[in-house]
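Participant: Predicted model and sequence follow; I will ask about them next.
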Amino acid sequence: MSYIKAKTIKRACGLLMVAFIWSSCSNSTESSNVVSTLQEGIAAKDLSSLTPVLDESLSAVDVSKASKLYMDYIDAIDRSDLKEEWEAKSYKYDKYTMPIKVRYFGPDKNDRSLIISLHGGGSTTKEANDQQWRNQIRLYNNMKNAVYVAPRAAVDAWNMWHQSHVDTLLEKIIRSYILFDGVDVNKVYITGYSAGGDGVYQLAPRFADRLAAADMNAGHPNEVTPIGLRNLPFALFMGANDAAYHRNDIARNWKIALDSLRAKDPNGYEHLVEVVPGKGHWMDHKDSLALDWMVQFKRNINPNRVVWVQDDVKHHASYWLSTDIKQSKAGNIADVVKKGNTFIVKENTFPVLHINYTPSMIDPSKPIVVEVDGKKTEYQAKFTLRNIVRTADIKHDYSLIYAGSIQIK
């Protein structure tokens, strides 16, 4: 769990637990009163006042109002927590420190792209990794209206971009540049070279719902497969002669796999794979073409199908699916298709899986249908502040707030 999410979840945890007991005997409260209570609680800096209204039904209009109010509340806390690190260009979590180098492209200070670029190196000396970091900030120049950020890995290890602290620190970087530097939340990208490419293979599926696209260069995927990239455009560049650890052969196999996934699912698995003839581990900047391809995309915030594979670095949610992270394990997979008000569970190995929804995703006047193994179950749509708080605390992202939830049984 990230530092950012942990602070907010801890803040709301007691509130939700008490409300669970209280809600069983509470009287109905009008939807508009829920919003007023939230507004008053935030103004008084006392969220315990929300306890009586967490499970009251909200109208679609009031869902929007409540989500905006609560997100503004989270934004204010994150601004306070992150400003010093953003100004220092150095982020901390637990025993880990991740300094960054930053370049700006274009004069426009609004609606910028954020491109996070991971350096190579790995299990070598600090000096060697420092040099790779310095190289990375100079690696690409073909960007427009963008903030280009090169983090320095917090550890000197072969899997320096795989470890769980990386997710937390990257979340802090992303949040701070959205809050302080005019970055468009739907135009966040990740790229990496060599060991940084290893990291992109790992991080892209984990961050699929936060990113607009990803670009992997000259890396190795280890245990990761392309399955979790259904809604994230993915570029892969590899030198045809880059035979160390069979990187070139693996890249060719990924192209075959992505082509096959795309053919079976034409609305997903957008990709660009180039195995560059005559090039080894260094591709003489041929890989820079991937950036032009990558930045044409904006984040898909409401996909009609979610394919989520839980990594060994576990996440609470992916798009409109979520889980009890303590009960999930690496390799759990969920594949759910949305058609109007119907959710078809094609596959699920999570012990606990929630389908989350919000008014813009469905027709609230009609039942929600969940189909599992051919059996259909109908649910009446219900929107509550409890679900808004829960999902906002997970992602700190307005577009990933959901006011309704159904647990798959």
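Facilitator: Looks like it arrived, so ask away. This structure is a prediction, so every number in the text was calculated from the model and none was measured.
Participant: can you map out the strands along the stretch 1-150 of the chain?
Facilitator: Applying DSSP state E, counting those that start in this stretch to the stretch 1-150 of the chain gives strands spanning 90-93, 96-105, 112-118, 146-151.
Participant: So for A44, which of those sits nearest?
Facilitator: Closest of those to A44 is strand 90-93, at 30.6 Å (criterion: C-beta to C-beta). In short, each C-beta sits where N, CA and C put it, glycine included.
Participant: List of residues touching that closest one?
Facilitator: The contact list for strand 90-93, computed with C-beta atoms under 8 Å, 6 or more residues apart in numbering, reads 2-3, 85, 97-100, 151, 165, 168-169, 172-173, 176.
Participant: And those residues, which is closest to W254?
Facilitator: P151 (24.7 Å).
Participant: so who does the closest one touch?
Facilitator: P151 neighbours (C-beta under 8 Å, 6+ apart): Y91, M98, P99, I100, I116, L118, H119, L169, L170, I173.
Participant: so the third one bridges to which residues?
Facilitator: As for beta bridges, P99 partners with S90 under DSSP bridges.
Participant: what's the neighbour count on it?
Facilitator: For P99, the neighbour count with other C-beta atoms under 10 Å is 16.
Participant: does it really touch K89, like I thought?
Facilitator: Yes: here P99 reaches K89: they are 6.3 Å apart, a contact under C-beta atoms under 8 Å.
Participant: so A214 sits in a strand?
Facilitator: Yes: counting by DSSP: H, G, I helix; E, B strand; the rest coil, A214 falls inside a strand.
Participant: surely it meets A204?
Facilitator: Yes: under the criterion of C-beta under 8 Å, A214 makes contact with A204 at 4.0 Å.
Participant: Quick check on the two: which one has the bigger neighbour count.
Facilitator: Under the criterion of other C-beta under 10 Å, the comparison of A214 against A204 puts A214 first, with 27 against 24.
Participant: and the more buried one, how far is that from G228?
Facilitator: 11 Å (C-beta to C-beta, to the nearest Å).
Participant: Mutual contacts of the two, please.
Facilitator: A204.
Participant: Farthest pair within the contacts of P151?
Facilitator: Pairwise distances across the contacts of P151 (C-beta to C-beta) peak at 15.5 Å, for the pair Y91 and H119.
Participant: more crowded one of these two?
Facilitator: With neighbours defined as other C-beta under 10 Å, Y91 and H119 compare such that H119 has more, 28 against 23.
Participant: any idea of the mean pLDDT for the longest helix anywhere in the chain?
Facilitator: If you go by DSSP state H, the chain has its longest helix at helix 60-88. Mean pLDDT, computed over helix 60-88, is 97.
Participant: cool, and stretch 368-386?
Facilitator: On average, stretch 368-386 scores 97.
Participant: Same question for stretch 254-265.
Facilitator: For stretch 254-265, the mean pLDDT works out to 98.
Participant: Pull out the buried positions in that stretch.
Facilitator: W254, K255, A257, L258, L261, R262 (16 or more other C-beta atoms under 10 Å).
Participant: Repeat that for stretch 103-118.
Facilitator: Within stretch 103-118, the residues scored as buried using 16+ other C-beta under 10 Å are R103, F105, R112, S113, L114, I115, I116, S117, L118.
Participant: Look up the pLDDT of the last one for me, please.
Facilitator: In other words, L118. In this model, L118 is scored at 98, pLDDT.
Participant: Quick one: residues contacting it.
Facilitator: Applying C-beta under 8 Å, 6+ apart, the residues near L118 are 136, 150-151, 153, 161, 190-193, 195-197, 199-200.
Participant: if you set the cut-off to 10 Å instead, what comes out?
Facilitator: By C-beta atoms under 10 Å, 6 or more residues apart in numbering, the contact list for L118 reads 132-133, 136, 149-153, 160-161, 166, 170, 190-200, 203, 216-217, 219.
Participant: what does F297 give?
Facilitator: Neighbours of F297 in contact, by C-beta under 10 Å, 6+ apart: N186, K187, Y189, L211, A212, A213, A214, L232, P233, E270.
Participant: Apart from its neighbours in sequence, what residue is nearest it?
Facilitator: A213 (4.3 Å; C-beta to C-beta, 6 or more residues apart in numbering).
Participant: By neighbours, which of the contacts of strand 90-93 wins?
Facilitator: P151 (27 neighbours).
Participant: So that one versus T97, what's the distance?
Facilitator: 10 Å.
Participant: F237 - nearest residue in space that isn't next to it in sequence?
Facilitator: Nearest to F237 is D287, by C-beta to C-beta, 6+ apart, at 4.0 Å.
Participant: Okay, helices next: where are they in this structure?
Facilitator: Remark: helices assigned in the chain by DSSP H are 3-23, 31-44, 60-88, 126-138, 164-180, 195-206, 247-264, 289-294, 385-395.
Participant: so which of those gets nearest P359?
Facilitator: Here helix 60-88 is closest among the helices of the chain (C-beta to C-beta), at 3.8 Å.
Participant: and the residue nearest to K339 when sequence neighbours are not counted, what pLDDT?
Facilitator: In space, and not counting its chain neighbours, K339 is closest to N304: 7.3 Å by C-beta to C-beta, 6+ apart. N304 carries a pLDDT score of 98 in this model.
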